[in-house]
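K.L.:
Only the shape, not the letters, is given here:
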């Protein structure tokens with residue numbers, strides 16, 4: 001399922017709005033030790049974002065590259081935005097930017113993912129964040145994770161993923177390095193226990 005399908009989805013899948021936590025058997029370098037927030041799941045497939053891998057660039061780098069503040073000084077960017085995390089969202093369309101954010105910000109292209117979280121993939125939200133006018137909570141992601149029909153279900157059946165309810169604080173927490181362990185802790189699980197775990201919480 002691609003990002004465009006998220007706009008058109010009519011059915012709510014059982015993994016919508018869930019976390020997927022990679023099991024030790026996941027050797028794919030794109031997904032080993034990842035936590036994925038699933039935005040859409042249906043018989044056609046699934047799409048979501050890895051929330052625990054930092055990109056090697058800053059939000060200021062993104063603003064400069066896209067020339068979002070042409071005619072304005074970089075000094076207009078507030079400290080909160082300068083330290084705004086930019087994450088590796090997944091291997092699909094890695095050059096495309098997305099922002100997961102609290103629902104206190106909305107524009108024509110914003111898509112509600114849950115009652116509290118929306119997704120926006122246009123430059124409007126980046127400009128707003130750069131000017132200190134964006135949502136209260138947000139994270140930027142480059143690329144996304146996508147699965148075709150039945151693919152994710154097969155991976156879960158092969159003990160590739162655990163799923164559990166999401167923690168919004170973890171989605172937006174800038175402390176990326178410990179998200180894997182903390183996501184597991186919400187289930188009462190430690191990494192050492194995972195070899196005997198299967199299925200979902």
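P.N.:
Yep, that arrived. Since this is a predicted model, take the numbers as computed values, not measurements.
K.L.:
The closest residue to residue 147 other than its chain neighbours sits in which helix or strand?
P.N.:
Closest residue to residue 147 apart from its sequence neighbours, by Cβ to Cβ, 6 or more residues apart in numbering: residue 46 at 4.5 Å. All C-beta atoms are positioned from the backbone trio N, CA, C, and that covers glycine. Using DSSP states H and E, residue 46 sits within strand 45-50.
K.L.:
Now tell me what touches that strand from outside.
P.N.:
1-3, 5-6, 13, 15, 20, 30-31, 34-40, 87-90, 92, 98, 100, 141, 144-149, 151-152 (Cβ atoms under 8 Å, 6 or more residues apart in numbering).
K.L.:
Averaged pLDDT, it. What do you get?
P.N.:
Mean pLDDT, strand 45-50: 96.
K.L.:
how far does that strand sit from the chain's center?
P.N.:
8 Å (Cα atoms, centre = their mean, to the nearest Å).
K.L.:
Neighbouring strands of that strand in the sheet, and parallel or not?
P.N.:
Here strand 45-50 is paired, per DSSP bridges, with strand 35-42 (antiparallel), strand 138-147 (antiparallel).
K.L.:
Residue 182 belongs to a helix?
P.N.:
Yes. Counting by DSSP: H, G, I helix; E, B strand; the rest coil, residue 182 falls inside a helix.
K.L.:
per-residue pLDDT, it?
P.N.:
93.
K.L.:
which residues touch it?
P.N.:
So residue 182 contacts residue 170 (Cβ under 8 Å, 6+ apart).
K.L.:
From residue 21, how far off is it?
P.N.:
10 Å (Cβ to Cβ, to the nearest Å).
K.L.:
Give me the nearest residue to residue 190, chain neighbours excluded.
P.N.:
Closest to residue 190 by Cβ to Cβ, 6+ apart is residue 184, at 6.4 Å.
K.L.:
For ChimeraX, write the select line for the buried members of the contacts of strand 45-50.
P.N.:
Buried members of the contacts of strand 45-50, defined by 16 or more other Cβ atoms under 10 Å, are picked up in ChimeraX with:
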select :1,3,6,13,15,20,30,31,34,35,36,37,38,39,40,87,88,89,90,92,98,100,141,144,145,146,147,152
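K.L.:
Alright, that wraps it up for me.
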